[in-house]
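Asker: no sequence for this one, just the structure:
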């Protein structure tokens, strides 16, 4: 049974991603900043007959928490097949470049960029034991410099979340470098936008969470011929998926 770790998986897209992967026969380590919230999420899944899941206390902004989660999982398995770096924050209001505070930038980058690096580096030894290790960094089309600077982009006038967008643009660059450094291995590493989705993150506006999760999973399950070091948004570019950085 293949094993996957999903950060920020106690709710929203992360939770739905866990549910769909469980239905496909994976064992899921469900990362949650609050262990109780993670345990509650596991109960919901178990009520649906999905039992190959375990809550893991994992705060991506805490090195101690990341190390403890790594040690906990390493006691149970020598192999991790998939890492989905899903945990993220939107930076809170005010969102604009002229008004956002230093604390907003620091907190958002700590979660959305440095947190991804923390988790990836500490779980890499387990991933390296997999025959087909996969990493998906959950990003957003809002983090595309090309789209954000294009007045013809449909979201040009309303997708201006300076703190969040800057952090995701940085995450995209991290993805490029990580994929490059692991280019001669079996790793496949991509940045994936799940799309504007009905969760508490968006005030429950947008598309269905099931569709968003399926977009993430698509790139978590690519075979040895699949892409690596790419940026995908099925919402922005239906079918082909790849969008400009």
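Answerer: Arrived safely. Quantities reported herein were computed from a predicted structural model and do not represent experimental measurements. Residues are numbered from 1 along each chain as shown.
Asker: Residue 241 touches residue 233, doesn't it?
Answerer: Yes: assessed by CB atoms under 8 Å, residue 241 is found in contact with residue 233 at 6.9 Å. Using the backbone N, CA and C atoms, a C-beta is placed for each residue, glycine as well.
Asker: Which one of the two is surrounded by more residues?
Answerer: A side-by-side neighbour count of residue 241 and residue 233, using other CB atoms under 10 Å, places residue 233 first with 23 against 20.
Asker: If that one is in a bridge, with which residues?
Answerer: residue 193 (DSSP bridges).
Asker: Not counting its neighbours along the chain, what's nearest residue 40?
Answerer: Distances taken as CB to CB, 6 or more residues apart in numbering place residue 10 nearest to residue 40, at 7.1 Å, with adjacent residues excluded.
Asker: quick revisit: now do the shared contacts for residue 241 and residue 233.
Answerer: Shared contacts of residue 241 and residue 233 (CB atoms under 8 Å, 6 or more residues apart in numbering): none.
Asker: Which secondary structure elements does whichever strand or helix holds residue 38 sit against?
Answerer: Taking DSSP states H and E as the criterion, residue 38 maps to helix 35-47. Secondary-structure packing of helix 35-47 (3 or more CB pairs under 8 Å, 6 or more residues apart in numbering; DSSP states H and E): helix 12-23, strand 27-32, strand 53-57.
Asker: What helices and strands are in contact with the shortest one?
Answerer: If I follow you right, that is strand 53-57. strand 27-32, helix 35-47, helix 63-74.
Asker: For residue 68, give me its contacts.
Answerer: Residues in contact with residue 68, defined by CB under 8 Å, 6+ apart, are residue 57.
Asker: Could you pull up the contacting residues of the nearest residue to residue 1 once chain neighbours are set aside?
Answerer: Distances taken as CB to CB, 6+ apart put residue 27 closest to residue 1, at 4.9 Å, once the chain neighbours are dropped. Contact partners of residue 27, counting by CB under 8 Å, 6+ apart, are 1, 2, 3, 4, 52, 53, 54.
Asker: let's see 6 Å
Answerer: Residue 27 is in contact with 1, 3, 52, counting by CB atoms under 6 Å, 6 or more residues apart in numbering.
Asker: go on, residue 213?
Answerer: So residue 213 contacts 13, 16, 17, 20 (CB under 6 Å, 6+ apart).
Asker: now do 10 Å
Answerer: Taking CB atoms under 10 Å, 6 or more residues apart in numbering, we find residue 213 in contact with 6, 12-21, 84, 86, 194, 197.
Asker: Which neighbouring elements make contact with the helix or strand where residue 119 lies?
Answerer: Residue 119 belongs to helix 115-127 when elements are defined using DSSP H and E. Helix 115-127 is packed against strand 3-6, helix 63-74, strand 82-85, strand 134-138, helix 162-181, with contacts defined by 3 or more CB pairs under 10 Å, 6 or more residues apart in numbering; DSSP states H and E.
Asker: how about a cut-off of 6 Å?
Answerer: Applying 3 or more CB pairs under 6 Å, 6 or more residues apart in numbering; DSSP states H and E, we find helix 115-127 packed against helix 63-74.
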